[in-house]
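Participant: Using only what follows, build the 3D model:
(2 chains)
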Amino acid sequence: AQSVTQLDSQVPVFEEAPVELRCNYSSSVSVYLFWYVQYPNQGLQLLLKYLSGSTLVESINGFEAEFNKSQTSFHLRKPSVHISDTAEYFCAVSGYSSASKIIFGSGTRLSIRP
Amino acid sequence: DAGVTQSPTHLIKTRGQHVTLRCSPISGHKSVSWYQQVLGQGPQFIFQYYEKEERGRGNFPDRFSARQFPNYSSELNVNALLLGDSALYLCASSSGLAGHSTDTQYFGPGTRLTVL
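Facilitator: Residues are numbered from 1 along each chain as shown, chains lettered A, B, ... in the order given. Down below sits the predicted model:
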């Protein structure tokens, strides 16, 4: 079985500041890892995913996440945030052998201050 | 192209009643998954259907059931509603088995169910 822990329920940052949203997972098998974003009053959207290969994955809007197997982490980072990045961010995991079941973390609310 | 659509958008029921939620996947997608998102929590996996067969089930009681139709649309049914069933119910579609390939899950806007 897999589980996901998002250590911060809320992260307030100033506009143009860097941000890191932390995610740790637990699994006895190899995993796929995902970050989803939920903007206010909208559905979930896939931000980026790690399936295999390079441990650093990037999204089209400047976010990146690094898969660290030894620390079982998949932290999300952005060097400079914008007001439009205000949203709830969910880390998620699925196991190779139970790939129909995606386990989500409890979410981190990112609020950007001007 | 239309994304994943869900109906209704909002629903209010009383304890003990049953409810049917509907989902239409993106055209060409054969996989539909259902999630429950309680306020302040992440989505929890309920079911996945692929090619009209159940391919995965989460830790939900038998009051929850679902099916997928020949046109790949899906229904989620919940019987004997409890107050704790109040949540946002999300549907997601993908062209393959969600999370098992490079296919991405696309989520609908959800149905907000309130049980009084």
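
Participant: any idea which element the residue nearest the centre of chain A lies in?
Facilitator: Residue closest to the mean C-alpha point of chain A, counted by Cα atoms, centre = their mean, is residue A:35 at 3.5 Å. If you go by DSSP states H and E, residue A:35 is part of strand A:31-38.

Participant: hmm, the helix or strand just after that strand touching chain B?
Facilitator: Moving toward the C-terminus from strand A:31-38, the next helix or strand (DSSP H and E) is strand A:44-50. Yes: using Cβ under 8 Å from any Cβ of the partner chain, we find that strand A:44-50 touches chain B at A:44-46, A:49. For the C-beta atoms, the positions are set from N, CA and C on the backbone; glycine is no exception.

Participant: Narrow those to just the buried residues.
Facilitator: Among the residues of strand A:44-50 next to chain B, those buried by neighbour count (16 or more other Cβ atoms under 10 Å in any protein chain shown) are A:44, A:46, A:49.

Participant: Relative to chain B, which of those residues is nearest.
Facilitator: residue A:44 (4.1 Å; Cβ to the nearest Cβ).

Participant: Backbone torsions only: list them for the residue lying closest to the closest one once chain neighbours are set aside.
Facilitator: Take residue A:44 and drop its neighbours on the chain: the residue closest to it by Cβ to Cβ, 6 or more residues apart in numbering or on different chains is residue B:107, 4.1 Å away. Per-residue torsions, residue B:107: phi -100, psi 150 (degrees, to the nearest 10).

Participant: Please list all residues in contact with the closest residue in space to residue A:46 that isn't next to it in sequence.
Facilitator: Once flanking residues are discounted, residue A:46 sits nearest to residue B:104: 5.1 Å by Cβ to Cβ, 6+ apart. Contacts were defined as Cβ atoms under 8 Å, 6 or more residues apart in numbering or on different chains; by that measure residue B:104 touches A:46, A:49, B:94.

Participant: just those now: which is nearest residue A:31?
Facilitator: residue A:49 (11.1 Å; Cβ to Cβ).

Participant: Now name the helix or strand holding the residue nearest to residue A:46.
Facilitator: Under the assignment here (DSSP H and E), residue B:104 is part of no helix and no strand.

Participant: beta partners for the spatially most central residue of chain B?
Facilitator: The residue lying closest to the centre of chain B (Cα atoms, centre = their mean) is residue B:34, at 2.8 Å. Beta-bridge partners of residue B:34, counted by DSSP bridges, are residue B:47, residue B:91.

Participant: Can you give me the pLDDT of it?
Facilitator: Among the per-residue scores, residue B:34 shows a pLDDT of 95.

Participant: And it, how far from chain A?
Facilitator: From residue B:34 over to chain A the distance is 12 Å, taken as Cβ to the nearest Cβ, to the nearest Å.
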